[in-house]
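K.L.:
The sequence and its predicted three-dimensional model are supplied below.
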Amino acid sequence: MGGKNSKLIKAGKESNIEEVKAMIKNGADVNSKDEGGYSVLSLAAALGRTEVMKILLEADSDVHSKNKYGETALTLAAFNGVADILTILIKSGSDVNSKDRYDRTALSWTANFGHVREGKMLIDAGADINHKDKEGMTAISLAAEKGRTDSVKMLIDAGADINSKAK
């Protein structure tokens, strides 16, 4: 990867809106990835670059693109607990049940990090509340393990199975 595609990644990371627009207009690949497999959209989501994300999505950037760890832009937004970015990605058709290398979903990560509002958003968008990862852990078991009591309460209120057992 090089040339205009690496320049698009750099412009996206730096939130250089005019450069991103110009690069796309001049044919840069909106699905370019860096050496870690992170797409421009994923990087923008992880860094909170809302305007860059909107431009990329208007240019048909792939919301389902995964990095070498199996993470999508939605997964990265869930890590960081950024509600406005989750909203944009959900409205753009992101798969709320996409799994990463640990078989964890975005909801697993919001529960793990205690991002209650974002977890509720994912549930409202159809996230599988009782999904088990490779270790048999559900969102509620991850939240409980980390002492995220607000997340545990939200998940119980949303109907999570409190009797689920890990492997």
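P.N.:
Sure, I can see it. Numbering: from 1, shown residues only.
K.L.:
how near is the residue nearest the centre of the chain to I88?
P.N.:
Nearest to the geometric centre of the chain sits L74, at 1.8 Å (Cα atoms, centre = their mean). Per Cβ to Cβ, to the nearest Å, L74 is found 10 Å from I88. Quick note: C-beta positions are derived from backbone N, CA and C, even for glycine.
K.L.:
same check, this time on G119
P.N.:
Distance from G119 to I88, by Cβ to Cβ: 17 Å.
K.L.:
So for these two, which sits in the more crowded spot?
P.N.:
G119 (31 against 20; other Cβ atoms under 10 Å).
K.L.:
And for the closest residue to that one other than its chain neighbours, the neighbour number?
P.N.:
Closest residue in space to G119, ignoring its immediate chain neighbours: T110 at 3.8 Å, by Cβ to Cβ, 6 or more residues apart in numbering. By other Cβ under 10 Å, 32 other residues sit near T110.
K.L.:
Number of residues surrounding S151?
P.N.:
Neighbours of S151 using other Cβ under 10 Å come to 27.
K.L.:
Nearest residue to it in space, ignoring adjacent ones along the chain?
P.N.:
Going by Cβ to Cβ, 6+ apart, S151 has A143 as its nearest residue, at 3.8 Å.
K.L.:
Relative to I90, how far out is the one you found?
P.N.:
21 Å.
K.L.:
Between these two, tell me which one has more neighbours.
P.N.:
The neighbour comparison of A143 against I90 (other Cβ under 10 Å) goes to A143, with 28 against 21.
K.L.:
any idea of the mean pLDDT in the helix or strand that one falls within?
P.N.:
Element membership for A143, per DSSP states H and E: helix 139-145. The pLDDT scores in helix 139-145 average 96.
K.L.:
Packing partners of it?
P.N.:
Using 3 or more Cβ pairs under 8 Å, 6 or more residues apart in numbering; DSSP states H and E, the elements in contact with helix 139-145 are helix 106-113, helix 149-157.
K.L.:
Okay, angle between the helix or strand following the first one and helix 149-157 too, please.
P.N.:
Helices and strands here follow DSSP H and E; after helix 106-113, the next one along the chain is helix 116-124. Orientation check (axes from the mean of the first three to the mean of the last three Cα atoms, to 10 degrees): helix 116-124 against helix 149-157 gives 20 degrees.
K.L.:
pull the CA atoms of helix 116-124 into PDB?
P.N.:
Presented in PDB, the C-alpha positions along helix 116-124 are these (Å, rounded to 0.1, in the frame of the first residue of the first chain):
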ATOM      1  CA  VAL A 116     -23.700   1.600  29.700                       C
ATOM      2  CA  ARG A 117     -25.300   4.000  27.300                       C
ATOM      3  CA  GLU A 118     -23.500   2.500  24.300                       C
ATOM      4  CA  GLY A 119     -24.400  -1.000  25.500                       C
ATOM      5  CA  LYS A 120     -28.000  -0.100  25.600                       C
ATOM      6  CA  MET A 121     -27.800   1.400  22.100                       C
ATOM      7  CA  LEU A 122     -26.400  -1.900  20.800                       C
ATOM      8  CA  ILE A 123     -29.100  -3.900  22.500                       C
ATOM      9  CA  ASP A 124     -31.800  -1.600  21.000                       C
END
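K.L.:
Alright, I will stop here.
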